[in-house]
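Participant: Starting from these lines, generate the structure:
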Amino acid sequence: MPITPATATQSTSEGTADAIFLELVDEKGVTIGTAEKLAAHQPPGRLHRAFSVFLFDEHGRLLLQQRALGKYHSPGVWSNTCCGHPYPGEAPFAAAARRTFEELRVSPSLLAEAGTVRYNHPDPASGLVEQEYNHLFVGMVQAPLAPDPEEVEATVFVTAAELIERHARDPFSAWFMTVLDAARPAIRELTGPSAGW
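Facilitator: The predicted model follows:
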């Protein structure tokens with residue numbers, strides 16, 4: 001039976017690595033087993049399933065989040081709207097919707113699949129490694145945010161031009177540009193050419 005919020009015995013918080021298991025996959029994204037979350041991120045890293053969400057407002061601005069300072073992995077850096085890992089057996093779409101609500105207390109008004117990307121990104125600050133087969137999602141958010149302070153330090157909506165400026169001056173997650181570039185075709189379809197993505 002798939003593990004869902006209703007059937008999970010592990011913590012739903014991504015803030016710590018305690019008792020959280022990830023789905024290990026092969027290079028084609030086929031499940032081959034599970035591993036404890038922190039162990040999967042220790043060098044050289046084990047390829048596992050992940051997801052990244054990019055939500056936009058009605059003006060075509062991207063919602064960024066700054067990861068909470070208390071996170072064990074990549075604390076305080078800016079990244080896309082939401083990212084995380086499905087529980088073993090949990091559909092990536094369901095996981096993306098679940099974590100978006102858990103972190104930001106908002107449900108997307110639209111959420112659509114935007115492909116996958118595989119990458120290997122060491123994080124120099126923590127010494128951990130992101131070996132991920134990442135499912136991408138794009139969508140819209142129209143409700144007010146109420147971020148969980150244990151997960152999110154801050155949020156901001158940015159235009160494409162503002163993102164370039166912010167990325168040049170502020171620390172971002174090691175995976176951010178990889179997932180953004182992979183999601184750009186779907187982002188352009190969602191926001192239209194005038195948004196500049």
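Participant: and the residue nearest to the spatial centre of the chain, helix, strand or coil?
Facilitator: The centre of the chain sits closest to Cys83, judged by Cα atoms, centre = their mean, with a distance of 1.2 Å. Secondary structure, DSSP: H, G, I helix; E, B strand; the rest coil: Cys83 is strand.
Participant: Which residue, neighbours along the chain excluded, lies closest to it?
Facilitator: Ser52 (4.5 Å; Cβ to Cβ, 6 or more residues apart in numbering). Yep, even glycine has a C-beta here, placed from its N, CA and C like the rest.
Participant: what stretches of this structure score poorly on pLDDT?
Facilitator: Applying pLDDT under 70 to the chain flags residues 1-18.
Participant: Does Leu63 touch Trp78 like I think?
Facilitator: No: using Cβ atoms under 8 Å, Leu63 makes no contact with Trp78, being 11.2 Å away.
Participant: could you pull out the strands for the protein?
Facilitator: 21-25, 31-36, 48-56, 62-67, 78-79, 82-84, 110-122, 129-140, 152-158 (DSSP state E).
Participant: In its sheet, which strands sit next to the last one, and in what direction?
Facilitator: Each strand pairing with strand 152-158, determined using DSSP bridges, is listed with its direction: strand 62-67 (antiparallel).
Participant: Show residues contacting the strand it pairs with.
Facilitator: With Cβ atoms under 8 Å, 6 or more residues apart in numbering as the test, strand 62-67 has contacts from 54-57, 74-82, 103-104, 141, 145, 147, 151-160, 163, 166, 173, 187, 197.
Participant: Export that strand to CSV, keeping only CA atoms.
Facilitator: Written as CSV, here are the backbone C-alpha positions of strand 62-67 (Å, rounded to 0.1, in the frame of the first residue of the first chain):
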residue,chain,number,x,y,z
LEU,A,62,7.6,33.1,-9.6
LEU,A,63,7.2,32.3,-5.9
LEU,A,64,10.6,31.7,-4.3
GLN,A,65,11.2,30.4,-0.8
GLN,A,66,14.1,30.9,1.5
ARG,A,67,14.7,27.6,3.3
